[in-house]
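Visitor: below is the structure, and that's it, no one-letter string:
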């Protein structure tokens, strides 16, 4: 029986398929600098940001030096807050929370998730919230899922993980978790709801 449902964040609970894309689009819009140029300057820091080896505040001077422009740091915080949330998916999570533990597992930057968690009261909606930058590992391996399961107090066979990237489901499935791929382009939340209920009925 499914006791816990874990959601990915970007592309599932948001309407942008990746956090980097969402952040760069906002930074580009407010700075006038192209997304490709911004990525060339910040991309070299991406893995260290994702796995908690550094923060945006720490790399900001080096990022600006690579960019050749001193951007105000508050543009980045504004970019985090500009992340477009997926209201129907948040409603589904709230619906599931009536009978299930509902958590979040994401490959993400700690400072971005802290900003968004405060802005959208995520801790009141999802427990646990497991972020790659805080556990030092991502969805390519089992550790982040094992951490989430331990915090939730459920066995892998009692948990479902939903992600918009099929490759991110492999490690979870190998542990014995049920998995569902969500097509973020279609964003068909009613269809996902039906798939969850069907899966629940089978277990």
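Guide: In hand now; what should we look at? Only a predicted model underlies this, so the values are computations on that prediction, with no experimental measurement involved.

Visitor: if you rank every helix and strand of the chain by mean pLDDT, what lands last?
Guide: helix 189-202 (a mean of 90; mean pLDDT, DSSP states H and E).

Visitor: return the set of buried residues in it.
Guide: 189, 192-193, 195-196, 200 (16 or more other C-beta atoms under 10 Å). The way it works is simple: take the backbone N, C-alpha and C, and place the C-beta from them, glycine included.

Visitor: neighbouring contacts of stretch 115-130?
Guide: The contact list for stretch 115-130, computed with C-beta atoms under 8 Å, 6 or more residues apart in numbering, reads 7, 77, 80-81, 83, 85, 90, 93-94, 97, 101-106, 113, 144, 147-148, 151-152.

Visitor: can I get the buried residues of helix 189-202 in a markdown table with distance to residue 121?
Guide: Formatted as a markdown table, the buried residues of helix 189-202 follow (distance: C-beta to C-beta, whole Å):
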| residue | distance to residue 121 |
| --- | --- |
| 189 | 20 |
| 192 | 22 |
| 193 | 22 |
| 195 | 27 |
| 196 | 23 |
| 200 | 26 |
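
Visitor: now residue 56: how far from residue 42?
Guide: Computed as C-beta to C-beta, to the nearest Å, the residue 56 to residue 42 distance reads 9 Å.

Visitor: how is this protein divided into domains?
Guide: According to automatic domain parsing, the chain comprises the domains 4-17+84-202, 19-81.

Visitor: how far off centre is the longest one?
Guide: If I follow you right, that is domain 4-17+84-202. 8 Å (C-alpha atoms, centre = their mean, to the nearest Å).

Visitor: ends of it, how far apart?
Guide: The stretch domain 4-17+84-202 measures 15 Å between its terminal residues, going by C-alpha to C-alpha, to the nearest Å.

Visitor: do the shortest one as well
Guide: Counting by C-alpha to C-alpha, the length from the leading to the trailing residue of domain 19-81 is 11 Å.

Visitor: average pLDDT for that domain?
Guide: Domain 19-81 shows a mean pLDDT of 97.

Visitor: excluding covalently adjacent residues, which one is nearest to residue 162?
Guide: Distance criterion C-beta to C-beta, 6 or more residues apart in numbering; nearest residue to residue 162, sequence neighbours excluded, is residue 180 at 4.9 Å.

Visitor: need the contact list for that neighbour.
Guide: Taking C-beta under 8 Å, 6+ apart, we find residue 180 in contact with 160-162, 169, 192, 195-196, 199.

Visitor: can you check the pLDDT for it?
Guide: Reported pLDDT for residue 180: 98.

Visitor: for the residue located most distally from the centre of the chain, grab phi and psi.
Guide: Of all residues in the chain, residue 68 has its C-alpha farthest from the mean position, at 29.9 Å, by C-alpha atoms, centre = their mean. When read as degrees, to the nearest 10, the backbone of residue 68 gives phi 80, psi 20.

Visitor: I'm done for today, thanks for sticking with me.
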